[in-house]
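Q: No sequence on hand, only this structure:
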Ligand SMILES: Nc1nc2c(ncn2[C@@H]2O[C@H](COP(=O)(O)OP(=O)(O)O)[C@@H](O)[C@H]2O)c(=O)[nH]1
Ligand SMILES: [Mg+2]
């Protein structure tokens, strides 16, 4: 059996754990014909997978990965035609990637996980920190009658726009010690349910909302890189918050007879419930 690996990269709260939870539910319930299926029921970190998939099934938000440490999941998968292989898929806390931008540092286990050709880049489509213009901020404060004065707020790396942080992290992937040659990059616009009413394709959404990143993906990746954009709703809608009241959207999701049907994957020309599609594409 061959071994393949991919890595899920994304800033904190970009949808990585939810994706993995929904993927595990989909693979263990076999209600959707996907590009990949589970070859063996056991998995490395099965307890972690069971626990996140159980929260997913109950339509509850995931606990922050930060509190439980990084988990490296191993799955035995079978493509519709072809050999069974073992897939290594680390569930790394987004803080490790934020740290790459903020401190120019990367823990060695994360650096090791990044030595792979398949990268899922997660971006929460509804939580994009956009660049601000000083003139706009000033005009807005004046409109609101807020007086500007006092000491200026010092700049912090984490207040940078999402696209600036992601372009820098992608640049790091093209330099030693993280350089491994050309890679496949699946951009996952997570929580697609929150933005899809705008009626634009995932690729166009990226172009309109993260133009610097889009241009970098088009022209800045080295020779041989391949990139594809997916709009992914791994939950279908907002889930219940920890300690909060049950919400109507989560209730609607719990009522769907086949839970895997909450999942929606929107690619260029097609839509499906098959969350294995971006993973399969990464494996080329
Ligand atoms: N509405 C909606 N929210 C989502 C979806 N996927 C993730 N989220 C929310 O986005 C937040 C961050 O998700 P999480 O998987 O914990 O991100 P991680 O920190 O990258 O592992 C959580 O509040 C999730 O409930 C989705 O498909 N739809
Ligand atoms: Mg997480």
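A: Received, thanks. Bear in mind that the values here come from a model prediction, so they are computed numbers and not experimental data. Ligands and ions are numbered 1, 2, ... in the order given.
Q: center of this protein - which residue?
A: In the chain, the residue lying closest to the centroid (Cα atoms, centre = their mean) is residue 122, at 2.4 Å.
Q: quick one, helices of the stretch 1-150 of the chain?
A: 16-29, 46-57, 94-103, 108-113, 134-144 (DSSP state H, counting those that start in this stretch).
Q: I'd like the next helix or strand past the last one.
A: Translated: helix 134-144. The C-terminal neighbour of helix 134-144 among helices and strands, as given by DSSP states H and E, is helix 162-172.
Q: how close does the residue nearest to residue 78 when sequence neighbours are not counted sit to residue 256?
A: Counting by Cβ to Cβ, 6 or more residues apart in numbering, residue 78 lies nearest to residue 39, which is 4.4 Å off, once chain neighbours are set aside. All C-beta atoms are positioned from the backbone trio N, CA, C, and that covers glycine. Residue 39 is 27 Å from residue 256, where distance means Cβ to Cβ, to the nearest Å.
Q: The two: which has the busier surroundings?
A: Legend: neighbour count by other Cβ atoms under 10 Å for residue 39 and residue 256, higher for residue 39 (16 against 12).
Q: From what I see, the more buried one and residue 84 are in contact.
A: Yes - at 4.4 Å, residue 39 and residue 84 qualify as touching, with contact defined as Cβ atoms under 8 Å.
Q: Can you name the residues bridging to the closest residue to residue 42 other than its chain neighbours?
A: Setting aside the residues directly before and after it, residue 42 is nearest to residue 76 in space (Cβ to Cβ, 6+ apart), at 7.7 Å. Applying DSSP bridges to residue 76 yields these beta-bridge partners: residue 86.
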